[in-house]
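Participant: Build the 3D model from these lines:
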Amino acid sequence: MFSSRVPGVLNLNRLSSAVAAHRTAGREVVDLTVTNPTAVGISYGEAILAPLADPRGCRYQPEPFGLLPARTAVASDYRRRGISVAEDRIVLTASTSEAYSLLFKLLCAPSGDEVLVPAPGYPLFDHLTRLDGVSSRQYGLEYHGRWELDVDSVDRAWTERTRAVLAVSPNNPTGSMLSLREFGELTSRCAEREAALIVDEVFTDYSFAAAKGDGRRAASNRDCLSFHLGGLSKSAGLPQVKLGWIRVDGPDQSVADALERLELICDTYLSVSTPVQVAAPALIESGAEIRRQIRERIQNNYAALQSAVAANPAVELLAAEGGWSAVIRVPSRWTEEELVIALLRERDVLVHPGFFFDFAHEAFLVLSLLPDPAVFADGVARVMEHVGG
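Facilitator: Numbering: from 1, shown residues only. Coordinates of the predicted model:
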């Protein structure tokens, strides 16, 4: 009866079952997996969502790519980061997930076309590709003091059905950023093989060293058709507002051809609400203060984690350049699954195992850098006591 795009078995995994049982029993959980900025004590102020009540939002104005003032506001925000883009190359979406879906519809036929995705990487890609009838193949990121693109693995994964390469910079969860050389490796292959490059830049405002991060950011691309994704969920800490965007770049004719087809796709759905488009300029502006708080939070927690790891020779903190997560390598006395369940049951602390993100081998734990600093320090201390004992 049901489509093969949806998994046939939807049972909870062992960790999810353990978390449910833990909470049903009324036990506390020090959650080091939380990535919701609205749930970790960030101060938003009472009036931040007031622009959503603008009376202009009562008038429906269907525009496939979004209302021009909202797209202009997004283009202006790119200039804040040193990127010049015309508003007619901005496409508004309801979320980054929807942006992926629109691009899969644009680039891939649901009959075996493929996209390449990074590993380690965000597990949502499995669902996003499957729901659009697209196949995914992994290429690797390898850690050699910093995370590096495994160029040979890109070539091994590439087939005649490859239509796009997905890159995330900063990556979730590794925190790695594409260097200019690595960006060039991907763009040259996409250009030569007539594929598109999709670059998820939602965490781009959260580099741990701002100057270095800005230098590694790919500002423009004239070699291949590329799509750069962003949104208020991360840039303004407003995941509940549901506004994302696509910046289209590349050779002029390729961009024009892509926009012509995207217009048809977007006009079919018209998913972005009018109130959020009307409010977009004000929300983007007010996001600066939220962004400052989040940046301060993750940088302080990352520094605290560095100190905790330095005092525990059994644990290694893998170098990261940005994002909201950190990865630690721990002794392999247990499987990752055994370890995270033991941390939950014996220490009341929740972390992600590396295999959730397709790490090539064990044993890694992934920690969110967003929790309240006191909560974060408490949780990290519990983890260090357990794995170092």
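
Participant: in the stretch 101-250 of the chain, which spans are strands?
Facilitator: Taking DSSP state E, counting those that start in this stretch, the strands of the stretch 101-250 of the chain run over residues 114-119, 135-143, 147-149, 162-168, 196-200, 226-231, 244-249.

Participant: So which elements touch the shortest one?
Facilitator: Other helices and strands packing on strand 147-149, by 3 or more CB pairs under 8 Å, 6 or more residues apart in numbering; DSSP states H and E, are strand 135-143, helix 180-192. C-betas here are computed from N, CA, C, even on glycine.

Participant: run the last query once more with 7 Å
Facilitator: Strand 147-149 makes packing contacts with strand 135-143 when contacts are defined by 3 or more CB pairs under 7 Å, 6 or more residues apart in numbering; DSSP states H and E.

Participant: what's the strand it packs on in contact with?
Facilitator: With contact meaning CB atoms under 7 Å, 6 or more residues apart in numbering, strand 135-143 is reached by 112-120, 125-126, 129, 147-150, 153-154, 157, 171, 174, 176, 318, 358, 360.

Participant: so which of the strands of the stretch 101-250 of the chain is the most packed in?
Facilitator: For the strands of the stretch 101-250 of the chain, the largest average neighbour count (mean count of other CB atoms under 10 Å) is found in strand 226-231, namely a mean of 26.

Participant: quick check: angle from that strand to strand 196-200?
Facilitator: 20 degrees (axes from the mean of the first three to the mean of the last three CA atoms, to 10 degrees).

Participant: Alpha carbons of strand 226-231, in CSV - could you do that?
Facilitator: C-alpha atoms of strand 226-231 as CSV (Å, rounded to 0.1, in the frame of the first residue of the first chain):
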residue,chain,number,x,y,z
SER,A,226,25.9,25.9,-8.1
PHE,A,227,23.3,26.4,-5.4
HIS,A,228,24.1,27.9,-2.0
LEU,A,229,21.6,27.3,0.8
GLY,A,230,20.9,29.4,3.9
GLY,A,231,18.0,30.4,6.1
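
Participant: That one versus helix 180-192: what angle between them?
Facilitator: Using the same axes, to 10 degrees: strand 226-231 against helix 180-192 is 120 degrees.

Participant: Which strands border strand 226-231, and is each parallel or antiparallel?
Facilitator: On the basis of DSSP bridges, the sheet neighbours of strand 226-231 come out as strand 196-200 (parallel), strand 244-249 (antiparallel).

Participant: want to try a markdown table for the strands of the stretch 101-250 of the chain, with mean pLDDT and distance to Ala53 as columns?
Facilitator: Output for the strands of the stretch 101-250 of the chain, formatted as a markdown table (pLDDT from 0 to 100; distance: least, CB to CB, whole Å):
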| stretch | mean pLDDT | distance to Ala53 |
| --- | --- | --- |
| strand 114-119 | 98 | 40 |
| strand 135-143 | 97 | 41 |
| strand 147-149 | 96 | 44 |
| strand 162-168 | 98 | 35 |
| strand 196-200 | 98 | 31 |
| strand 226-231 | 98 | 21 |
| strand 244-249 | 98 | 22 |
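
Participant: can you list the ones you listed in JSON lines and add distance to Thr335?
Facilitator: Formatted as JSON lines, the strands of the stretch 101-250 of the chain follow (distance: least, CB to CB, whole Å):
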{"stretch": "strand 114-119", "distance to Thr335": "19"}
{"stretch": "strand 135-143", "distance to Thr335": "20"}
{"stretch": "strand 147-149", "distance to Thr335": "23"}
{"stretch": "strand 162-168", "distance to Thr335": "27"}
{"stretch": "strand 196-200", "distance to Thr335": "30"}
{"stretch": "strand 226-231", "distance to Thr335": "34"}
{"stretch": "strand 244-249", "distance to Thr335": "36"}
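
Participant: Tell me which of these lies nearest to Pro281.
Facilitator: With distances scored as CB to CB, the stretch of the strands of the stretch 101-250 of the chain nearest to Pro281 is strand 244-249 (13.2 Å).

Participant: Just after that closest one, pick out the following helix or strand.
Facilitator: Counting by DSSP states H and E, the next helix or strand C-terminal to strand 244-249 is helix 252-269.

Participant: which parts of stretch 15-27 are buried?
Facilitator: Buried residues in stretch 15-27, counted by 16 or more other CB atoms under 10 Å: 15, 18-19, 22.

Participant: Among those, show me the least confident.
Facilitator: For the buried residues of stretch 15-27, the model is least confident at His22; its pLDDT is 85.

Participant: quick revisit: closest to Gly8 out of the strands of the stretch 101-250 of the chain?
Facilitator: For the strands of the stretch 101-250 of the chain, the distance to Gly8 is smallest for strand 135-143, at 17.3 Å, taking CB to CB.

Participant: now the stretch 101-250 of the chain, which segments are flagged as low pLDDT?
Facilitator: For the stretch 101-250 of the chain, the stretches with pLDDT under 70 are 209-221.

Participant: Domain boundaries for this structure, per the record?
Facilitator: As assigned by automatic domain parsing, the chain contains the domains 14-43+288-387, 59-286.
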